[in-house]
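Chemist: kindly return the folded structure for what I paste below:
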Amino acid sequence: MTDSSPETEIMPSPDGLPRRRTKPAVRPVLDEQALADALEAEIEAEAAESLEPTEPEIEASLRERGNRLTALEIAHLIVDAAEDKKAADIILLDVTELTSMTDFFVICSGGSERQLGAVADGIIDKLRSEGVRPIGREGGSNSHWTLVDFGAVIVHIFAPPEREFYQLERHWSLSKTVLRVQ
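Modeler: From the prediction side, this is the model:
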């Protein structure tokens, strides 16, 4: 009768402190088919572990709705969400003829740093409820300028001094103004 528990022996280490080393347990010999099955199961387990976590599932109807919305519809949803959060001087510019990076700019102002964050959060939440997720968000609570990128629509939320300084409306003055809410 053999003992299946691993044996330990104390080995000296380079720093002089004793280390315990476990001797590997003796494995029983498997036939070829069992070995092939075990290898295949191990490969499948590694493949399942290597999959990166996906984003949480949303309802199929929301995903389909998000895919069906046009860039203009997304832009109007953004304007509505900004208006709900009391953003000031909201402007929607059509820049399709001027640049290939996006179709629309939504530019608005917030009265405080807290309001800039609230407007950005409100826009993101409203569009998520419609099945549209942002590509990215730039600018924190102290940056005075928050940018939210939805691909076809880019949102700029400014503090009033920064909006006056950068003057994006003037920079994109050749674009068509679709909507202005004051």
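Chemist: for the protein, which segments count as helices?
Modeler: Taking DSSP state H, the helices of the chain run over residues 32-50, 60-68, 71-84, 113-129, 160-166, 168-171.
Chemist: figure out which of these is closest to residue 135.
Modeler: helix 113-129 (11.2 Å; CB to CB). (C-beta placed from N, C-alpha, C; glycine too.)
Chemist: what mean pLDDT does the closest one get?
Modeler: Across helix 113-129, pLDDT averages out at 92.
Chemist: among the helices of the chain, which gets the worst mean confidence?
Modeler: helix 60-68 (a mean of 60).
Chemist: export the helices of the chain as JSON lines, with columns for mean neighbour count.
Modeler: As requested, these are exported to JSON lines (neighbours: other CB atoms under 10 Å):
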{"stretch": "helix 32-50", "mean neighbour count": "10"}
{"stretch": "helix 60-68", "mean neighbour count": "12"}
{"stretch": "helix 71-84", "mean neighbour count": "19"}
{"stretch": "helix 113-129", "mean neighbour count": "19"}
{"stretch": "helix 160-166", "mean neighbour count": "14"}
{"stretch": "helix 168-171", "mean neighbour count": "12"}
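Chemist: closest to residue 106 out of those?
Modeler: It's helix 71-84; of the helices of the chain, that one is closest to residue 106 (CB to CB) at 4.9 Å.
Chemist: roughly how far is that closest one from the heart of the chain?
Modeler: Relative to its chain's centre, helix 71-84 lies at 20 Å (CA atoms, centre = their mean, to the nearest Å).
Chemist: so which of the helices of the chain is nearest residue 99?
Modeler: Minimum separation from residue 99 across the helices of the chain (CB to CB) falls at helix 168-171, 11.2 Å.
Chemist: what's in contact with the closest one?
Modeler: 91, 93, 105, 107, 156 (CB atoms under 8 Å, 6 or more residues apart in numbering).
Chemist: so residue 91 sits right up against residue 83, yeah?
Modeler: No - here residue 91 does not reach residue 83: they are 12.0 Å apart, not a contact under CB atoms under 8 Å.
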